[in-house]
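Novice: 3D model of this:
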Amino acid sequence: MEMPPKSPDGSEKSPQSKELITSNTGSTLCMSSRSESVWTSASRSKWDIYHKPVIVVSVGAAVFLLGMVITSLSCFLPKNKDVYKMCGPAFLSLGLMLLVCGLVWIPIIRKKQKQRQKSQFLQSLKSFFFNR
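Specialist: Residues are numbered from 1 along each chain as shown. Have a look, this model is predicted:
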C-alpha cells in the first residue's frame, strides 16, 4: 500500500488537499461552459438549428388565433361578455409577442451561422499559412 507524500514540515496532507489536487474541475468546467456543437465541427441539419424559433413562432401564432377567437366570442355571445373582453386581448398580445420574438430570432441565427462559417474559413486559412 502506498504512503501519501509528506509535506516538508513532516505532516501528512489533509484529505481536502488531496481532493483538490486530484480534481479535474478545469476540464469539466470547460466542457460544461459551452455546448458540444461549438467545439465539434460536425454539420447540423436545418431542423437542429431552427427548431426553437420555429416552435416559438408556431405557439405564438396559435395563441394569437385563440385570442382572435375569444375576442370574437365577445361579439356573438352576450353571456360572459366581460370575461371574453378581458381574456381575448391578453391572448392576442401574448401570441403577437411570441410570434414577433420567433420571427426576429431566425435572422439572428442566420447571422451567427454566417459569422461561424467565416471564422472557420479564416482559421483554416491561418492554419494553412502559419503551419508550414
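Novice: Which pLDDT value does the model give M3?
Specialist: Note on M3: pLDDT of 57.
Novice: Likewise for P8?
Specialist: For P8, pLDDT reads 57.
Novice: before we move on, what about T40?
Specialist: 53.
Novice: Which strands and helices lie in contact with the longest helix belonging to the chain?
Specialist: Ranked by residue count and defined by DSSP state H, the top helix of the chain is helix 81-130. The contact analysis (3 or more Cβ pairs under 8 Å, 6 or more residues apart in numbering; DSSP states H and E) places helix 81-130 against helix 46-76. Every residue, glycine included, has its C-beta placed from N, CA and C.
Novice: buried ones in the helix it packs on?
Specialist: For helix 46-76, a neighbour-count test (16 or more other Cβ atoms under 10 Å) marks 49-50, 53, 56-57, 60, 63-64, 66-67, 70-71, 73-74 as buried.
Novice: Go through the residues you listed and name the one nearest M97.
Specialist: Nearest to M97 among the buried residues of helix 46-76: G60, at 7.2 Å, using Cβ to Cβ.
Novice: List the contacts of the nearest residue to the closest one once chain neighbours are set aside.
Specialist: Nearest non-adjacent residue to G60, counting by Cβ to Cβ, 6 or more residues apart in numbering: L98, 2.9 Å away. Applying Cβ atoms under 8 Å, 6 or more residues apart in numbering to L98 gives the contacts 56-57, 59-60, 63-64.
Novice: that older thread, next, the angle helix 46-76 makes with the longest helix of the chain.
Specialist: 160 degrees (axes from the mean of the first three to the mean of the last three Cα atoms, to 10 degrees).
Novice: Next, the buried residues of stretch 112-126.
Specialist: Result for stretch 112-126 [16+ other Cβ under 10 Å]: no buried residues.
Novice: CA atoms of that stretch as CSV?
Specialist: Presented in CSV, the C-alpha positions along stretch 112-126 are these (Å, rounded to 0.1, in the frame of the first residue of the first chain):
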residue,chain,number,x,y,z
LYS,A,112,-24.5,33.8,-36.3
GLN,A,113,-24.2,30.9,-38.7
LYS,A,114,-22.6,33.2,-41.3
GLN,A,115,-20.1,34.5,-38.8
ARG,A,116,-19.3,31.0,-37.6
GLN,A,117,-18.6,29.9,-41.3
LYS,A,118,-16.4,33.0,-41.8
SER,A,119,-14.4,32.3,-38.7
GLN,A,120,-13.9,28.7,-39.5
PHE,A,121,-12.7,29.7,-43.0
LEU,A,122,-10.3,32.2,-41.6
GLN,A,123,-9.0,29.8,-39.0
SER,A,124,-8.3,27.2,-41.7
LEU,A,125,-6.6,29.8,-43.8
LYS,A,126,-4.5,30.9,-40.9
